[in-house]
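K.L.:
starting from these lines, generate the structure:
(one chain, ligands or ions: 1)
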Amino acid sequence: MSARTIQVDDRLHDWLLAHSLRDTDVHQELRDHALGLEDGGMQTSPEQAQFLSFLTRSIRATRAIEIGVYTGASAMAIASALPHEGRLVACDISDEHLQTAIAAWTAAGVHTRIESRIGPALETLAAMLDEPEAGHYDFMYIDADKENSLNYYEHGLRLLRPGGIITIDNMFRGGQVADPAVNDEPTVATRELAMFLLDDDRIDYSLVPIGDGLALAHIR
Ligand SMILES: C[S@@+](CC[C@H](N)C(=O)[O-])C[C@H]1O[C@@H](n2cnc3c(N)ncnc32)[C@H](O)[C@@H]1O
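P.N.:
As a prediction, this is how the structure comes out:
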């Protein structure tokens, strides 16, 4: 038992990874590739990616949405938990890393489940509201421009079915949400989002200290 979440230092983090990750060479190679990029820290942490996969499979999701693909690590994790005929709509504003992502998804055998849509995600989501699958998605992962996370969440509430789960990354902003001296736009937006989610009675809510803080919204 523990009355509060404990600090995860480097030694414990190493232990966590060694005793929980079910990574393959494809996961490791993609991680290594991203870590070699200038903005490689954007990649979803491996334990969080596996948790997303766990959630996706737990609710037997067949349709999923990701906002913020980058080199494709979290998309690979989510798609791997979908059935063979399942579909992940993977949205990013840029195709700079799309070929890297597709190569990894192909190596992992999940590429046929992933439909990539390039453009501002708000436009992509607005278009999806007019498609027949609207209201029938099961799972959503939001990990893009933080100023728009609340907008993405609102679209998710309309695109997902009751019982679906919306997950939102970087709720801690590296700890800056709790520092009143930090008032940049993404941090202020994340604080406002946290207060909004706390009071939103359309969802059951939990904020999990994994990675950089992951919000879980279960749609009532
Ligand atoms: C933190 S990275 C995503 C990391 C990814 N989930 C992973 O596991 O590797 C954020 C991504 O959001 C994308 N992005 C930023 N603004 C966006 C927007 N308005 N619409 C769609 N994607 C956006 C960026 O191009 C970038 O690839």
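K.L.:
do you know the pLDDT at the residue nearest the centre of the chain?
P.N.:
Closest to where the C-alpha atoms of the chain average out (CA atoms, centre = their mean) is Tyr141, at 3.4 Å. You'll see Tyr141 listed with a pLDDT of 99.
K.L.:
from Gly211, how far out is it?
P.N.:
In this view, Tyr141 and Gly211 are 12 Å apart by CB to CB, to the nearest Å. Bear in mind the C-beta positions are built from the backbone N, C-alpha and C, glycine included.
K.L.:
Ala18 too?
P.N.:
Taken as CB to CB, the span from Ala18 to Gly211 is 17 Å.
K.L.:
those two: which is more packed in?
P.N.:
Comparing Ala18 with Gly211 by neighbour count (other CB atoms under 10 Å), the higher total belongs to Gly211, at 19 against 8.
K.L.:
spell out which residues of this protein are next to the ligand.
P.N.:
42-44, 67-71, 73-74, 91-94, 120-121, 143-145 (CB under 6 Å from any ligand atom).
K.L.:
correct me if wrong: Cys151 contacts Leu122.
P.N.:
Not Cys; residue 151 is Asn. Yes: counting by CB atoms under 8 Å, Asn151 touches Leu122, with 5.9 Å between them.
K.L.:
output the contacting helices and strands for the helix or strand bottoming out on mean pLDDT in the chain.
P.N.:
Lowest by mean pLDDT, DSSP states H and E among the helices and strands of the chain is helix 25-35, with a mean of 95. In terms of contacts (3 or more CB pairs under 8 Å, 6 or more residues apart in numbering; DSSP states H and E), helix 25-35 is packed against helix 46-58, helix 73-80, helix 98-107.
K.L.:
run the chain-centre distance for the longest helix along the chain.
P.N.:
The longest helix of the chain (DSSP state H) is helix 185-199. Helix 185-199 has its average C-alpha position 17 Å from the chain's average C-alpha position, going by CA atoms, centre = their mean, to the nearest Å.
K.L.:
tell me the mean pLDDT for the helix or strand following it?
P.N.:
Using DSSP states H and E, the next helix or strand after helix 185-199 towards the C-terminus is strand 203-208. When pLDDT is averaged over strand 203-208, the result is 98.
K.L.:
what helix or strand is the residue nearest to the centre of the chain on?
P.N.:
Per DSSP H and E, Tyr141 falls inside strand 137-142.
K.L.:
for Arg22, same thing?
P.N.:
Per DSSP H and E, there is no helix or strand for Arg22.
K.L.:
residues contacting it?
P.N.:
Gln50 (CB atoms under 8 Å, 6 or more residues apart in numbering).
K.L.:
near Ala121, how many other residues are there?
P.N.:
Neighbour tally, Ala121, other CB under 10 Å: 25.
K.L.:
quick revisit: counting contacts, what elements does the strand holding Tyr141 pack onto?
P.N.:
The contact analysis (3+ CB pairs under 8 Å, 6+ apart) places strand 137-142 against helix 46-58, strand 63-67, helix 73-80, helix 149-159, strand 160-168.
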